[in-house]
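>>> I'd like to go over a predicted model; first the sequence, then the structure.
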Amino acid sequence: SYWSTKLTWRAFFCAMTTLATLFWVRNMDTLWGQANIDKLFSFGEFNILSGESSNFSIWELGLFVIVGCLGGLIGAVFNAANEHLTIWRMKRINHSKLRRFL
């Protein structure tokens, strides 16, 4: 595996830096020492499904399910193709250093 403890700490540090930057940008208009942390990171509010007041339609949920499934299938095809390409390259190209470089 390529995942290491060093990489975990780097990812954690990057996430905390991103969150601190977002916090700082979102609270630029408040007074010093006061923070508005009600909605630091939000994808919006989902209102009730019935009536005119909802901010999304029910057919949009199906569209997101389709997009998610297509993304998963494309990722699976990419991983399978990458595995087959790697096996092919190990059998046929890995014999000389020059061919390995290309």
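Yep, that arrived. Residues are numbered from 1 along each chain as shown.

>>> how much space separates Gly72 from Ile66?
11 Å (CB to CB, to the nearest Å). (C-beta placed from N, C-alpha, C; glycine too.)

>>> same deal with Arg10?
Relative to Ile66, and taking CB to CB, Arg10 is found at 35 Å.

>>> please identify the buried residues of the lengthiest helix in the chain?
Across the chain, the longest stretch assigned as helix under DSSP state H is helix 58-92. Of all the residues in helix 58-92, not one is buried under the rule 16 or more other CB atoms under 10 Å.

>>> show me what that helix is packed up against.
Judged by 3 or more CB pairs under 8 Å, 6 or more residues apart in numbering; DSSP states H and E, helix 58-92 is in contact with no other helix or strand.

>>> give the rounded mean pLDDT of that helix.
The pLDDT scores in helix 58-92 average 92.

>>> all numbers from here: first residue = 106
Happy to do that; since the first residue is 106 now, the last one works out to helix 163-197.

>>> got the contact list for Cys174?
Listed by CB atoms under 8 Å, 6 or more residues apart in numbering, Cys174 has no contact partners.

>>> Met133: what secondary structure?
Following DSSP: H, G, I helix; E, B strand; the rest coil, Met133 is assigned to coil.
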